[in-house]
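**Q** Below is the sequence, then the predicted model.
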4 protein chains.
Amino acid sequence: MKRDPSKLFTYNVEDVHEAIEVYLGEKLGVEAGYLALGRSRNDHVAAALRLKVSRLLIEEGWELLKLRRILLVKALEHRETPMVLYTHTQPAQISTLAHYLLYVDELIATYLELLPSIISVTLRSPLGSGPAAGVSTPIDRVRIASKLFNGGIVYNSLYATTSRDFALLALAFNASLLASLSRVVEDLILLSTPQIGYFSIPEEHLATSSIMPHKRNPVTLEITRARIAELLASFVAVAGIIKGLTSGYNLDMQEANRHAIEPLVKTVEALRILGDLLSRLGVNVENVVRDVKAYPIALSDLAELIAIRTGRPFREVHREIAGLIKESKGVEEVYKVLEEKYGVRLDYRSVIRRPVVGSSNPEDVDRYVEKAYDSLRSLEGALERYSYITGRRCSH
Amino acid sequence: MKRDPSKLFTYNVEDVHEAIEVYLGEKLGVEAGYLALGRSRNDHVAAALRLKVSRLLIEEGWELLKLRRILLVKALEHRETPMVLYTHTQPAQISTLAHYLLYVDELIATYLELLPSIISVTLRSPLGSGPAAGVSTPIDRVRIASKLFNGGIVYNSLYATTSRDFALLALAFNASLLASLSRVVEDLILLSTPQIGYFSIPEEHLATSSIMPHKRNPVTLEITRARIAELLASFVAVAGIIKGLTSGYNLDMQEANRHAIEPLVKTVEALRILGDLLSRLGVNVENVVRDVKAYPIALSDLAELIAIRTGRPFREVHREIAGLIKESKGVEEVYKVLEEKYGVRLDYRSVIRRPVVGSSNPEDVDRYVEKAYDSLRSLEGALERYSYITGRRCSH
Amino acid sequence: MKRDPSKLFTYNVEDVHEAIEVYLGEKLGVEAGYLALGRSRNDHVAAALRLKVSRLLIEEGWELLKLRRILLVKALEHRETPMVLYTHTQPAQISTLAHYLLYVDELIATYLELLPSIISVTLRSPLGSGPAAGVSTPIDRVRIASKLFNGGIVYNSLYATTSRDFALLALAFNASLLASLSRVVEDLILLSTPQIGYFSIPEEHLATSSIMPHKRNPVTLEITRARIAELLASFVAVAGIIKGLTSGYNLDMQEANRHAIEPLVKTVEALRILGDLLSRLGVNVENVVRDVKAYPIALSDLAELIAIRTGRPFREVHREIAGLIKESKGVEEVYKVLEEKYGVRLDYRSVIRRPVVGSSNPEDVDRYVEKAYDSLRSLEGALERYSYITGRRCSH
Amino acid sequence: MKRDPSKLFTYNVEDVHEAIEVYLGEKLGVEAGYLALGRSRNDHVAAALRLKVSRLLIEEGWELLKLRRILLVKALEHRETPMVLYTHTQPAQISTLAHYLLYVDELIATYLELLPSIISVTLRSPLGSGPAAGVSTPIDRVRIASKLFNGGIVYNSLYATTSRDFALLALAFNASLLASLSRVVEDLILLSTPQIGYFSIPEEHLATSSIMPHKRNPVTLEITRARIAELLASFVAVAGIIKGLTSGYNLDMQEANRHAIEPLVKTVEALRILGDLLSRLGVNVENVVRDVKAYPIALSDLAELIAIRTGRPFREVHREIAGLIKESKGVEEVYKVLEEKYGVRLDYRSVIRRPVVGSSNPEDVDRYVEKAYDSLRSLEGALERYSYITGRRCSH
C-alpha cells in the first residue's frame, strides 16, 4: 500500500481519510472501525500539511547552504577580480567580484539565520485535537508526536485545527527572500547583456538561436525572476483565503493547501538552478576593466583619500574635484591632475583596499569567509537533526 | 535643534542630510565640510529605517506580551465557562471560554517566539558602508554601531545599502499575524450579533445609534479587520517595489519607506485596541447554554465515550447514534436514550474534561497558564535588553 | 491530428510550435520548411493566449446572464417576502427579498456592462508580428485574423508580441467582481447559520454529518469564497511578473500563462455553482419575521414618516423617538405609543413601499425587472456574435 | 464656508456630515433639523467617493490623451530613425523609433478605449438610498443626480450603499495600465545606461552628482516604476478589505477610501511626468547605429527575404545562414557573403520597410498616426462632456 497507493483512489469516497478506512475495512472487517476513534479529518489534514511544509523548508535549508558554499568558493577565487558596483542602474563604484558575491552570501545567511525558528514552529503535531475541542479518548498527544514531529505539539486543540500560520510564515519568508534575490537575478541579466558583458551566463542556462548567435536569452534567470511574483501571489492567496474566516476548520482552507506547497517546491528548484548558474558563471574581466577606465567611478574614494591626506574638509576637496571635472576633457585627464597634485592615483588594486570591514578589501574578504564556514557547519548541524524525516545528511 | 528641528525644513535643499550640512555650515563655517567624510546618504537612509523598524517591532513585542497577560487572566476566570466552538461557521463542539482564549494566546505566543530573531536581523548598523562599496576613510564600523545598534552591523557594505529585507520580513511577519488574528476578530463580530449574543462588545468599542438602540456596531473590530488587508497590501507594495531592481540604491526604495513604517505603527495600535476590547469583553453565559442545549454538539464526544466504555469499534457506535438521531424528535430525546442505554450523559461539565492535553480540561488550562507565565517572563527579559532604545521596561 | 494530438508530445523538441513543424516534416518532407516563413513563436503564443482568454470571457458572459435570469425570476417570486438588511453585521432595516436579490443583479449587471469592451480588446490578432518588429514576408494580417479574430488585429507588432494587457484586464475585472460577490457569499453563510436561519442552503451544496445532523456546512460557498483570494493572487502574480520587464518577449511571460487561464476557468465554474445554489435557495420567512418583530428596524423609516406627516424637523422627531426608546421596555411598546400618537404603524407591508426608485417597493421591483429583461436580450445579442468561436447560442 | 471650510473641523463631532448639521444649526436654529430627512451617512459617503474617483478618472483621461499627442508628434519626427528592439533584454531586431513609440501609443489607446465605460459606471448617484433599504421620504433620486451625476443613478439602494466596485475597477484598470507602462519605464532606464546610451534622459528628470558627472540617475523614472507596485498594493488593500464583508455598510469600508483616492492622484501625476520626459527625450542615433552594425539583428529578416526571392523553404535558408555564421568571423562577413550570393543587403532603411501593417514601415506609421488623430478627437469629445465637473476643455 505504501509503495502503491493507487488502490485508494478507486473507492467512491470523499477523501483519502475515508479511503484508508474503507481499505482497512476490506482487509480487517468490522475491526477497521476502531481506526476512527480519537481522530478527525481536521487534525489529520493539519498534520499532513505541517509535515509537508516542514520537509520543504528543511530541503530549502540544505539548498541555501549549498548556495552559500558556491558563493564562498567563488569569492575566494575572485578576491582581486575588479567589479563595478551600480546604483540607480548606473556604474557607481569600483569593487571586487568577491565583494559582490559576499553581498549575496550575507543576504542568504540572513534568511538562513531565521529558518530554524520557522521550521521549529511548523514541525509540531496537531494530532489528537479532534474536530476542534480535542477528543474524549485518553491519548498521549506527545507520544503520538514522537516519531514524525520529534515530540513537538501544537498545544491548544482549536489552534491546532484552525491555524495555518506555519504556511503563511513559510510563504512570507520565501516571498521576502526571493524578492531580494530577484535583484541579484536582475544584476546577472543586466551585466550579461552584450553591451556590458561582465558576465557570461553558462550555456545550459541559455536559449540560443542558430540564426541569431549573439542572442543569449537568459531563460533560467527569467523563469527565476517570475518566481518571486508567483510566491508573492501565493502569500496573497493564502492570507486572503484565511482573512476574515471564523476560527475552526472551514473548507476555504482546503483551497489554501496548493498555494502553500507548490510554490515551496518551485522555490527549492529555483535556488538549485541559481546555484548551478553561479557555480559556472563566466567572468569577462576585460569588460569590467573597460568600464573602470571609462567612468570616473573612483573619484569619490579619491576625494576621501585627498581629504584625509591634506586634512582639509571633505566638502572643499569635493568641490575642487567637481570643478576639475568640468574643465577637463575626460576621466584620464582628471586622474592625471590629481596624481600630480596630491600623489594619489586611480589604481583599482589600491582603491579596493578600503580600510573598513565589510568592504572590498581582500583581507577582509578572507576574514568573512573563514567565519562564514564556521556558521555553515553549525547550520548543517541544525539541519541534520531533521535527517530522520528527510534522510539527508551533510556530505562535507 | 533636537527639540525643534523645524529650521531644517526651511532650506532649499534636496533632503534632510543636506539640510543638516547647511545648518552646520551656518554654525561652524567651512569646518562643517568635514561632516560628509566617510558617509553617504545611502548608508544613512538605511540606518534610519532600520532603527525605526526595530523600535516599532520592540514596541509591538511589548504590546503582544500585554495581550497575552490579558488572555491568561481572562482564561483563569473562565476555566469552566461553557463555550461553543464552531467549524464551517456552524456550532460544532462544546468547550470552555478558557480554551478559546488560550487558542488566541498560543497564536500570539507563536509569533512572539519568532519576533526576537526578526528584531535581531533588523537592529544592525549599515553605517560606514558609503554609497555601495564602503568608504576609503578608516572608520571603525563596530564602534559607530555600539550605541544605537548594540554593536551589531550589516557586514557587507553593498548588502547594507541595498537590502530592505528587514522591512520585508517585518511586514510579512505582521501580515501573517494579522491574517490569523482577523479570524478572532470575525469570531467576536459573529458571536456578538444579537441572534447569537455570546459576547457583549464593550461600549467604548461600539458606535451606537440613538434611534436604533439594538445596533451595536463593532467599529473598532471592523477597523482592525481592515488592517490585515492593509498590511498585506504593504507587503505587496514593498516586495513589488523591490522586485527586479538592480542591486545598489535605487530611488524606488524611497517610496517603499512609508509602506514599511505606517503599517507597523497601525499594527501596534490595532493590538492595543484589541487588548483593551478583550480585557472588557462581556460574556452572556445564558446564550451559550441556550445553544449547548439546542444543538447536538456533544454527540461526537459521547460516541467516543460509548465506544471506549463498550469496547466496540467507534464506527459501529457512530452508526448507531446516527440512526437514533434519524428516528428521534430532538436532541434531548437522543441524549435520554443514550443515558438510559449506556449511562453517559450530556453534562457539559464532564464533557469539557477531555483527557488530552491542549483540550478544554480546566486542569490542563491551569498547567498551560503556569508555563505561559514563565515564558512571558523570559520574553520580557529579552525585550528589556532594548530598553536603551525605547526606554521601556517591564512593569510586572 | 486535431482529434488526437498526443503524437506531438512524443517528439524531443522545445515546444508545440516546433513539434508541429517536425510532424509536418514527417508527412511532407522538405516542403514543411515553408511553414515557418512569416511566423514567430512570439506572435503565435500571444495569439493562442488571446483566443483562450476571449473564449473564457465569452463563456463567463453567458454564465453571468444565466445568473441574472435566476435572480430576476426569484425576485418576482419574492416581491413581498420580508427581509432584514444588515449594516455592520447587525440587523438594520426592513426590506424585501426581491430588493436584496436585485442588489445582486445590479452588481452583476454593472460588470456585464463592461465585459464586451474587455472581450473586444482581447479578441485581436497578433499574428504576423514576428519576433517583435514584424516580418519581411508580405502577408495580410487582417485577412489572417478574419476567421478566428473576427478581423480585429493588435496593430503594432511590438505591442502585439509584448503585451499581456488583456490577461491583466481579464483578471482585474474578475478579481473585482468576485471581491464584490464574496459579500453575497458571506451573507448566505451568515444568514443560514442555525441561530439566524433566514436561508436554507440546498442539500447539494452542503456537507452534512450523520452524527451531527444540525451541521450544514456550506462547502460550495466556502470554496467560492476562497476563489476571490485566488483570483486576486493571480492578478498579483501576472502584474508582478510583468512589472519592470523590458519590452519584447521575455520568458517570464510564459510563467504568467497559467495564472491567466486557470483562474478564469475556476471563475466560470464558481459562477455556475452560485447560480445553481441561488436557484434552489430555501427561504424561512418565519425566521425573518421573528427578527422584524424583535429588533426596532423600522424606526428610522417611522421617524421619516412622522416628520413628513407633522412637518416638524426630522432631527426633532428623531430625538423624541430616541427618548421614547429609553423609557420603554421593548420594541412593541414604542411602536404602540407611536401609533397612538401619530397614527403610523409598523406594518412591514407598508414600510417596504418606500416612495423612491431602487427601494424595496414591489412596484418599483416590477419596473426594474422589466427593464432588466430588455438589457439581457441586448447583451445576449452581443455575445451571440461570438458563437463562431464558442458555438454557444442563446436558448431563450 | 465653501471657500474656507476650516470651521467645520472645530466642532466636537464624529464626522463632516454631523459638522455640517451643527454649523447649520448655529445659523438657522431648529430649522437645520430638516436637513437630515431622507439622507444617511451611508449614501452620502458613497456619493462623495464616487464623485472624487470620477474626477480623477476624467483627469487621467486628459493626461493619457496628452501623452498620446506627445507620442504621435515624436513618432512622425522619427519615422526613419533607427532603433533596436529587444527580446529577453538582448538586441533582437532592427526597427524605427517611430515604431517603438507607436507601441506605447497603442498600449495607452487600449486603456483609453476602456476608460469611458469605467467612468460611466462610477459617475452614478447613490443619493436617496438611505442607510441600506432606501428612504421613506418621497424624493426624486434622478433629479437629485441631475447636476453632479449627469442624471445617472445607482439604482438599487442596497447596491448603492454597499458597493465599492467603482473603486476596485478604477484601481484594477490603473494597476494593469501601470504594470504595462512599467516596461516602457524599464526600457528607458536600460537604454539610457552609459554603455547602451540610445536615449538621454532630460536633465530635469535626472539627479546628477557633481563629483560623478557620468552618473545620470533617472530618478523620476524610478519613482514612476515604484508606482506600479503601489497601485497593485492599493488594489490588494481594497479588494482585501471588501472580501468577505457582509453586504451593507461596514466601517472597514472607511479604511478603503484612502487606498482608492491617493493612488489615483499619484497615477495622474506619474503620467504627467512620463509625458514630460518623453516630450524631451534625447536620442543618440550613433549608439543605435553602433549596435545595428555590431549584432546580426537583420538576419531573420534577410532569411525571409532570401526564402521569398528564391522560393526555397524558409527552414532550409535558415539552416544555410546558420551554417554561414558558424564559419565566418563576424556579422559583416556574413552580410557580405549573402549580398554576393543573393543580392540582398543589410541596409536598415530597406529592412524597416517591412511589408506588413503595424510594422516599422514609415508609410504604415503615417497611416496609423492619421487614424490615431481621429480617435483622439473623438475621445476628447467624450471627455468634454464631463467639463461641467472638471471645468476642463480641450485646447486643441
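**A** Great, that's in hand. Numbers count the residues shown, from 1 in each chain, chains lettered A, B, ... in the order given.

**Q** Quickly check: the top helix by length along chain A near chain C or not.
**A** Across chain A, the helix with the greatest residue count (assigned by DSSP state H) is helix A:41-77. No: with CB under 8 Å from any CB of the partner chain as the criterion, chain C is not reached by helix A:41-77; the gap is at least 10.7 Å. Where C-beta positions appear, they are placed from N, C-alpha and C, glycine not excepted.

**Q** likewise stretch A:29-40?
**A** No: Stretch A:29-40 lies out of reach of chain C by CB under 8 Å from any CB, never closer than 10.9 Å.

**Q** Partner strands of the helix or strand just after the longest helix of chain A, with direction?
**A** Heading C-terminal from helix A:41-77, the first helix or strand you meet, by DSSP states H and E, is strand A:82-87. Under the criterion DSSP bridges, strand A:82-87 sits next to strand A:90-96 (antiparallel) in its sheet.

**Q** after the strand it pairs with comes which helix or strand?
**A** helix A:97-122.

**Q** Give the other helices and strands that that following helix contacts.
**A** Secondary-structure packing of helix A:97-122 (3 or more CB pairs under 8 Å, 6 or more residues apart in numbering or on different chains; DSSP states H and E): helix A:41-77, strand A:82-87, helix A:165-191, helix A:362-384, helix B:97-122, helix B:157-162, helix B:165-191.

**Q** what's the average pLDDT for the first one?
**A** Per-residue pLDDT values across helix A:41-77 average out to 97.

**Q** can you check the second one too?
**A** Within the predicted structure, the mean pLDDT of strand A:82-87 is 97.

**Q** Enumerate the positions of the longest helix of chain A that are buried.
**A** The neighbour-count criterion (16 or more other CB atoms under 10 Å in any protein chain shown) identifies A:41-47, A:49-72, A:74-75 as the buried residues of helix A:41-77.

**Q** does A:His318 count as helix, strand or coil?
**A** helix (DSSP: H, G, I helix; E, B strand; the rest coil).

**Q** Residue in the stretch 101-250 of chain A with the shortest distance to chain B?
**A** Among the residues of the stretch 101-250 of chain A, A:Gly134 lies closest to chain B, at 2.8 Å counting by CB to the nearest CB.

**Q** Contact partners for that residue?
**A** Each residue near A:Gly134 by CB atoms under 8 Å, 6 or more residues apart in numbering or on different chains is listed here: A:Gly128, A:Ser157, B:Arg354, B:Val356, B:Gly358, B:Ser359, B:Ser360, B:Asn361.

**Q** Residues of chain A that sit close to chain C?
**A** Residues of chain A lying near chain C by CB under 8 Å from any CB: A:207, A:217, A:219, A:222-223, A:225-230, A:232-234, A:236-241, A:243, A:250-252, A:254-256, A:259.

**Q** Buried ones among the residues you listed?
**A** In those, burial by neighbour count holds for A:217, A:219, A:222-223, A:225-230, A:232-234, A:236-241, A:243, A:250-252, A:254-256, A:259, counting by 16+ other CB under 10 Å.

**Q** Just give the closest residue to A:Pro126, not the sequence neighbours.
**A** Leaving aside its chain neighbours, A:Pro126 sits nearest to A:Ala160 (3.4 Å; criterion: CB to CB, 6 or more residues apart in numbering or on different chains).

**Q** what about the one you found, distance to A:Leu49?
**A** Counting by CB to CB, to the nearest Å, the gap between A:Ala160 and A:Leu49 amounts to 12 Å.

**Q** So which of the buried ones among the residues of chain A next to chain C belong to strands?
**A** The strands in this structure, assigned by DSSP state E, contain A:Asn217 from those.

**Q** List, out of the buried ones among the residues of chain A next to chain C, those positioned next to chain B.
**A** Restricting those to those near chain B by CB under 8 Å from any CB leaves A:Arg225, A:Ile228, A:Ala229, A:Leu232, A:Val236, A:Val238, A:Ala239, A:Gly240, A:Lys243, A:Asn250, A:Leu251.

**Q** Make sure the third one is actually in contact with C:Lys243.
**A** Yes: using CB atoms under 8 Å, A:Ala229 makes contact with C:Lys243 at a distance of 7.4 Å.

**Q** who touches the closest residue to A:Thr224 other than its chain neighbours in this structure?
**A** Closest residue to A:Thr224 apart from its sequence neighbours, by CB to CB, 6+ apart: A:Ala270 at 4.9 Å. Taking CB under 8 Å, 6+ apart, we find A:Ala270 in contact with A:Leu178, A:Ile223, A:Thr224, A:Arg227.

**Q** tally of neighbours for the third one?
**A** Read it as A:Thr224. The burial count assigned to A:Thr224 is 28, neighbours taken as other CB atoms under 10 Å in any protein chain shown.

**Q** which residues does it contact?
**A** Contacts for A:Thr224 (CB under 8 Å, 6+ apart) come out as A:Leu181, A:Ser182, A:Val185, A:Ala270, A:Ile273, A:Leu274.

**Q** which bits of the stretch 1-150 of chain A sit near chain D?
**A** Counting by CB under 8 Å from any CB, the positions of the stretch 1-150 of chain A adjacent to chain D are A:Thr87, A:His88, A:Thr89, A:Gln90, A:Pro91, A:Ala92.

**Q** ok, of the residues you listed, which come out buried?
**A** Using 16+ other CB under 10 Å, the buried ones in those are A:Thr87, A:His88, A:Thr89, A:Gln90, A:Pro91, A:Ala92.

**Q** mind putting these in JSON lines, distance to C:Tyr34 included?
**A** Rendered in JSON lines, the data for these read as follows (distance: CB to CB, whole Å):
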{"residue": "A:Thr87", "distance to C:Tyr34": "51"}
{"residue": "A:His88", "distance to C:Tyr34": "49"}
{"residue": "A:Thr89", "distance to C:Tyr34": "44"}
{"residue": "A:Gln90", "distance to C:Tyr34": "47"}
{"residue": "A:Pro91", "distance to C:Tyr34": "48"}
{"residue": "A:Ala92", "distance to C:Tyr34": "52"}
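
**Q** Return the member of those nearest to chain C.
**A** A:Thr89 (11.2 Å).

**Q** got the contact list for that closest one?
**A** Listed by CB under 8 Å, 6+ apart, the contact set of A:Thr89 reads A:Leu190, B:Thr246, B:Asn250, D:Ile189, D:Leu190, D:Thr193, D:Pro218.

**Q** Ok, A:Arg183 next?
**A** By CB under 8 Å, 6+ apart, the contact set of A:Arg183 is B:Thr162, B:Ile242, B:Gly244, B:Leu245, B:Thr246, B:Ser247.

**Q** okay, which residue is most central for chain A?
**A** Per CA atoms, centre = their mean, the C-alpha nearest to the average position across chain A is that of A:Leu177, at 4.6 Å.

**Q** and the gap between it and C:Leu264?
**A** Computed as CB to CB, the A:Leu177 to C:Leu264 distance reads 30 Å.

**Q** now do A:Ala307
**A** A:Ala307 sits 62 Å away from C:Leu264, going by CB to CB.

**Q** which non-adjacent residue is nearest the residue of the stretch 51-200 of chain A at minimum distance from chain D?
**A** In the stretch 51-200 of chain A, the residue that lies nearest chain D is A:His88 (3.8 Å; CB to the nearest CB). Distances taken as CB to CB, 6+ apart place D:Asn217 nearest to A:His88, at 3.8 Å, with adjacent residues excluded.

**Q** List the contacts of that neighbour.
**A** Under the criterion of CB under 8 Å, 6+ apart, the neighbours of D:Asn217 are A:Thr87, A:His88, A:Gln90, B:Leu251, D:Leu206, D:Ala207, D:Thr208, D:Ser209.

**Q** you'd agree the first one is up against B:Ser40?
**A** By that I understand A:Thr87. No: contact between A:Thr87 and B:Ser40 fails when scored by CB under 8 Å: they sit 9.5 Å apart.

**Q** anything in contact with each of the two?
**A** Listed contacts common to A:Thr87 and B:Ser40 are B:Pro131, B:Thr161; contacts here mean CB under 8 Å, 6+ apart.
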